[in-house]
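Student: Next one to model:
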Amino acid sequence: MSRFALLFLALCACASRVEPRSFVTAEQAAAPAMDLASRGTAASANGPAIVLRSPTHEGTYEGTFNIDLVFEPGPTGLPFNPASLKITYLRGWGFDITKHFRDSLVNGRLSYAGATMPPGRHSVEVYAEDTDGNASTRVFTIEMR
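Tutor: As a prediction, the model looks like this:
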């Protein structure tokens with residue numbers, strides 16, 4: 001194999017590797033879990049539909065996982081307002097972790113590759129509004145080993 005071909009393969013391998021990215025600190029993960037029963041974990045759906053494609057709700061993961069959320073028009077038919085997005089890590093009083101995901105939100109889809117979290121059970125709430133201010137929430141929980 002030529003040197004050019006080897007260099008090309010090496011560059012492709014480096015470009016496709018995703019470094020793990022944690023959006024939760026160890027201190028946040030150590031805070032007491034919120035009481036989800038009193039908060040309500042059912043999706044409210046007056047605003048846009050929040051479709052969780054990945055990770056699987058109540059799934060168990062080791063190492064890294066990918067986040068794939070799609071925001072579709074809800075019952076009103078109005079589109080998702082990206083400025084309304086709020087993502088809360090449900091520990092302690094709740095930690096706003098939206099800033100970690102802003103750059104991953106494109107055309108109504110949030111794609112975040114290589115996510116990682118400390119070991120344990122984690123719940124995240126996603127809040128979104130349509131262009132008229134109708135709101136929806138979705139809570140998902142995962143277990144990290």
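Student: what ranges do the strands span in this protein?
Tutor: 21-22, 44-45, 49-54, 59-61, 65-72, 80-89, 95-96, 105-106, 109-116, 120-130, 135-144 (DSSP state E).
Student: which one of the ones you listed lies closest to residue 34?
Tutor: Nearest of these to residue 34, taken as Cβ to Cβ: strand 120-130 at 7.2 Å. Bear in mind the C-beta positions are built from the backbone N, C-alpha and C, glycine included.
Student: Now do the contacts for the residue most central in space within the chain.
Tutor: The chain has residue 67 as the residue nearest its centroid, 4.8 Å off, counting by Cα atoms, centre = their mean. Neighbour list for residue 67: 54, 55, 101, 104, 110, 111, 112, 115 [criterion: Cβ atoms under 8 Å, 6 or more residues apart in numbering].
Student: Below-threshold pLDDT in the chain: ranges please.
Tutor: 1-18, 38-44 (pLDDT under 70).
Student: If we use 50, what do you get?
Tutor: 5-16 (pLDDT under 50).
Student: for residue 19, what are its contacts?
Tutor: Applying Cβ under 8 Å, 6+ apart, the residues contacting residue 19 are residue 114.
Student: separation between it and residue 119?
Tutor: 19 Å (Cβ to Cβ, to the nearest Å).
Student: Could you do residue 107 as well?
Tutor: Look at residue 107 and residue 119: by Cβ to Cβ, they are 34 Å apart.
Student: what's the answer for residue 29, then?
Tutor: According to Cβ to Cβ, residue 29 and residue 119 sit 8 Å apart.
Student: So between those two, which is more surrounded?
Tutor: Taking other Cβ atoms under 10 Å, residue 29 and residue 119 do not tie; residue 29 has more neighbours (19 against 10).
Student: Just give the nearest non-adjacent residue to that one, would you?
Tutor: residue 118 (4.2 Å; Cβ to Cβ, 6 or more residues apart in numbering).
Student: For that neighbour, grab phi and psi.
Tutor: phi -60, psi 160 (degrees, to the nearest 10).
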